[in-house]
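**Q** Got a sequence here, can you build the structure:
(one chain, ligands or ions: 1)
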Amino acid sequence: MASSTMTSTVKSQKLLKTSVNIWFTVVVVGQFIFALYILGLYGVNGLAGDFERWNNSTPHGYVPKDIWGNILFGVHMALAAVITIGGPLQLMKKVRTKFPRFHRINGRIYITSAFAISLAGLYLAWMRSMAGGLAGSIFITINGILIMTCAFYAVKYAIARKLTSHRKWAIRLFLAMSGVWFFRVFLMAWIMINQGPIGFDMETFQGPALNVMYTCSYILPVIFAGFYFKAKESSLPKTKRVISIFILFLTVYIAIGTAVATMGMWLPSL
Ligand code: HEM
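**A** As a prediction, the model looks like this:
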């Protein structure tokens, strides 16, 4: 390989690594804030027995007399906190290499929670009416199926000791599990950029813009992971650069959405 081509490949590899690291840092900070919101709103009020406040953010958190549904909602919230804190820790290289035992234990908790939160979520989506109506229920169901599929393959390859495949499925799982967080963040960035709820109805919480956002949050990240793996393994600097620039743009959008979600949605609900 000519030395200029080699330099270009090394540089683009570095660019890809840096953009992923920046993206991951923003996501970790944002998910940590989301976890604090979950613990603050659902954890603190649940422990205090003040279940009515569960409806600060969603119309169907606490439904009087629906004991089974309320228990599953509580379980869903507890798992949401576990996942939102445990997920990023699973992907941190330093944590993986310095604390392999923690990685294995946290991994088992994460995978079990992936199935449990999806099954509890499926019950909530179909047995209770949900903000977002039928479209919301269909898209979140696709998210649940994707989560369980990625979790299945992540475990399968871990048991088979095929660590490259395990890592790829673990990344896909993290992206699928982050779907609900992406949705909130993308939605708030969209509202801020358009200075209002364009493309959907605030009352019914339905509309084409939401369907696009569901797709971008629940489905596309898992598909995009495949492009990232290809770019990482590719010898073409251009491929790495294109993916890096896309990741950087996305990071800016996510950072905006996180700031708006924190100030406009999560903090005021506490
Ligand atoms: C995997 C990560 C997940 C996290 C972190 C999570 C988190 C949350 C949170 C925090 C809420 C309360 C609403 C709010 O305060 O914003 C919620 C509600 C809900 N979640 Fe999840 N969730 C996840 C996955 C799922 C899945 C896979 C499903 C369905 C298959 C699901 C279905 C629901 C439903 C139906 C509600 C009630 C929403 C409503 O009443 O409109 N969730 N979730």
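**Q** Please count neighbours and contacts with C-alpha atoms only from this point.
**A** Fine.
**Q** I'd say His76 and Phe115 touch.
**A** No: using C-alpha atoms under 8 Å as the test, His76 is too far from Phe115 to be in contact (11.0 Å).
**Q** What's the first helix or strand after the host helix or strand of Ala154?
**A** Assigning secondary structure by DSSP states H and E places Ala154 in helix 133-159. Counting by DSSP H and E, the next helix or strand C-terminal to helix 133-159 is helix 163-177.
**Q** And for that next one, what's in contact with it?
**A** Helix 163-177 has contacts (C-alpha atoms under 8 Å, 6 or more residues apart in numbering) with 83, 87-88, 91, 114, 143, 146-147, 150-151, 153-158, 218-219, 221-222, 225, 229.
**Q** Near the ligand, which residues of the stretch 51-200 of the chain? Just list them.
**A** 57-61, 77, 80, 84, 117-118, 121-122, 124-125, 130-131, 140-141, 143-144, 177, 180 (C-alpha under 6 Å from any ligand atom).
**Q** For Gly257, grab the count of nearby residues.
**A** 26 (other C-alpha atoms under 10 Å).
**Q** what residues does the host helix or strand of it touch?
**A** Using DSSP H and E, Gly257 sits in helix 237-261. Applying C-alpha under 8 Å, 6+ apart, the set of residues contacting helix 237-261 from outside is 8-9, 12-13, 15-16, 19-20, 22-23, 26-27, 30, 182, 184-190, 192, 227-228, 231-232, 234.
**Q** Repeat that for stretch 62-78.
**A** Here stretch 62-78 makes contact (C-alpha under 8 Å, 6+ apart) with 38, 42-43, 46, 51-52, 54-55, 61, 117, 120-121, 124, 128.
**Q** Which of these scores worst on pLDDT?
**A** pLDDT is lowest at Arg128 among these; the value there is 88.
**Q** and it, how many residues sit next to it?
**A** Around Arg128 there are 14 residues (other C-alpha under 10 Å).
**Q** can you check Gly226 too?
**A** By other C-alpha under 10 Å, the residues close to Gly226 number 13.
**Q** On the three-state scheme, it is what?
**A** helix (DSSP: H, G, I helix; E, B strand; the rest coil).
**Q** what's the burial count for Pro100?
**A** 12.
**Q** wait, I meant Thr258
**A** The local packing of Thr258 (other C-alpha under 10 Å) involves 29 other residues.
**Q** same question, Ala48
**A** 9.
**Q** Same check on Phe152?
**A** Neighbours around Phe152, by other C-alpha under 10 Å: 17.
**Q** Please determine how far it is located from the ligand.
**A** Phe152 sits 14 Å away from the ligand, going by C-alpha to the nearest ligand atom, to the nearest Å.
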